[in-house]
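Visitor: build me a model from this:
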Amino acid sequence: MSASVNPTVRRRRLGAELRRLREQKGMTAEEVADRLMVSQSKISRLENGRRSISPRDVRDLCDVYDVHDQRMRDSLMEMARESKQRGWWNEFGDIPYSVYIGLEAEAFSIRSYESSFVPGLLQTREYAEAVLHGTQPDTDADAIRRRVEVRLKRQDRLSGDDQLASFWSVIDEAVLAREVGGPGVMASQLRRLLEVSEQANVNIQVIPFQAGAHPGMTGTFSLMEFPESADSTVVYFEGVTSDLYLEKEHDVRRYTGLYDHLRAAAFGVAESRSLLTTYAEAYENAHQGPDR
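Guide: Predicted coordinates for the structure are as follows:
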């Protein structure tokens, strides 16, 4: 786990505890909203951890739920204060998918499926720049630079004292075939995948074109697991204007099974490395030209 307080995770844990207290009281979110004269959507956002929770919100909710234990009230208040702290990523300004970054910073295991790009945790600087310039043409150069720096800093989770216990990446062969940034950038990127795949905590599998139709063709997603048993597994989908997070048990179970199907459709780890090598060599030859 991260050594510093993670505000995203604090909001999530606090929200889950407030939901538990509401359900224990036998109240609906609508009933709570009526008591506090706020919108039902506010109660929902507080409980799903997507909104900052103030100590005043916690105090009011504790009163509604008849929480009189001062130690519990103090603990919830402290979590509310911690949830308002800034994560390291906030130093880079307004960064999209900041909720995801906060969850990623605390996860101990991530399973990722990508159909179009190399996963952010595995991207080289040049590849990341090419991806962001290509997918966000209306974003200014300074914002692109900051987002690249955040993407590279996130990669600290792959090594060091705070490394992920497991990062499993399944990618479609289209990721390898799509020339992002030119053959030189692609050659370096695929060599990077080969290098990082030698780490004990990283596994990369490629679904070959010959596999035909497969479950991942409906969209990319990630599964994040956390070291604390109170933190449920999260299924994450990245969107253009907003992201989606699923935490209900049946959703997690469905996408866990879906991921197993994707791994079964993919080449094994060794065979995937062989395919990565083939593509890397082809890009290197294209980059060097016929007169090398």
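
Visitor: now do the buried residues in stretch 135-144.
Guide: 143-144 (16 or more other Cβ atoms under 10 Å). For the C-beta atoms, the positions are set from N, CA and C on the backbone; glycine is no exception.

Visitor: quick one: mean pLDDT over stretch 94-113.
Guide: Averaging pLDDT along stretch 94-113 yields 86.

Visitor: one more: stretch 17-27?
Guide: pLDDT averaged over stretch 17-27 gives 90.

Visitor: contacts for stretch 60-69, please.
Guide: 18, 21-22, 24-25, 27, 32, 35-36, 46, 72-73, 76 (Cβ atoms under 8 Å, 6 or more residues apart in numbering).

Visitor: of these, closest to Arg192?
Guide: Proximity of the contacts of stretch 60-69 to Arg192 (Cβ to Cβ) peaks at Leu46, which lies at 40.8 Å.

Visitor: okay but the closest one is in contact with Ile53, surely?
Guide: Yes. Using Cβ atoms under 8 Å, Leu46 is in contact with Ile53, at 5.5 Å.

Visitor: what is in contact with the two at once?
Guide: 15, 18.

Visitor: just the pLDDT at the residue nearest to Leu21 when sequence neighbours are not counted, thanks.
Guide: Nearest residue to Leu21, sequence neighbours excluded (Cβ to Cβ, 6 or more residues apart in numbering): Tyr65, at 4.4 Å. Model confidence at Tyr65, expressed as pLDDT, equals 93.

Visitor: quick check on Tyr65: phi, psi?
Guide: Dihedral angles of Tyr65 (phi, psi; degrees, to the nearest 10) stand at phi -90, psi 10.

Visitor: burial of it, as a residue count?
Guide: Residues lying near Tyr65 (other Cβ atoms under 10 Å) number 17.

Visitor: for the remainder of this discussion, apply numbering that starts at 44.
Guide: Renumbered: residue one is now 44, and that last one reads Tyr108.

Visitor: quick check, Glu73 in a helix?
Guide: Yes. Under DSSP: H, G, I helix; E, B strand; the rest coil, Glu73 falls within a helix.

Visitor: and it, what is it in contact with?
Guide: Gln83.

Visitor: okay, it: pLDDT?
Guide: 92.

Visitor: check the gap between it and Arg65 for me.
Guide: Distance, Glu73 to Arg65, using Cβ to Cβ, to the nearest Å: 11 Å.

Visitor: likewise for Pro258?
Guide: Pro258 is 36 Å from Arg65, where distance means Cβ to Cβ.

Visitor: if I read this right, Ser265 contacts Tyr156, doesn't it?
Guide: Yes. Applying Cβ under 8 Å, one finds Ser265 in contact with Tyr156, separated by 7.3 Å.

Visitor: higher neighbour count, the two?
Guide: A direct count of neighbours by other Cβ under 10 Å for Ser265 and Tyr156 places Tyr156 higher, at 26 against 23.

Visitor: you'd agree Ala308 is up against Ile250?
Guide: Yes. Counting by Cβ under 8 Å, Ala308 touches Ile250, with 5.3 Å between them.

Visitor: quick one: which of those two has more around it?
Guide: Ile250 (26 against 18).

Visitor: hmm, the more buried one is touching Pro258, no?
Guide: No. Counting by Cβ under 8 Å, Ile250 stays clear of Pro258, with 10.0 Å between them.

Visitor: got any residues that touch both of those two?
Guide: Joint contacts of Ile250 and Pro258 (Cβ under 8 Å, 6+ apart) are 305, 308.

Visitor: just to revisit the earlier point, buried ones among the contacts of stretch 103-112?
Guide: Buried by 16+ other Cβ under 10 Å: 61, 64-65, 70, 75, 89, 116, 119, out of those.

Visitor: just the residues you listed: which are in helices?
Guide: 61, 64-65, 75, 89, 116, 119 (DSSP state H).

Visitor: one step back: export the contacts of stretch 103-112 to TSV and tack on distance to Ala329?
Guide: Shown next, in TSV, are the contacts of stretch 103-112 (distance: Cβ to Cβ, whole Å):
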residue	distance to Ala329
Leu61	56
Leu64	61
Arg65	59
Gln67	63
Lys68	65
Met70	64
Val75	61
Arg78	66
Leu79	63
Leu89	53
Met115	63
Arg116	65
Leu119	59
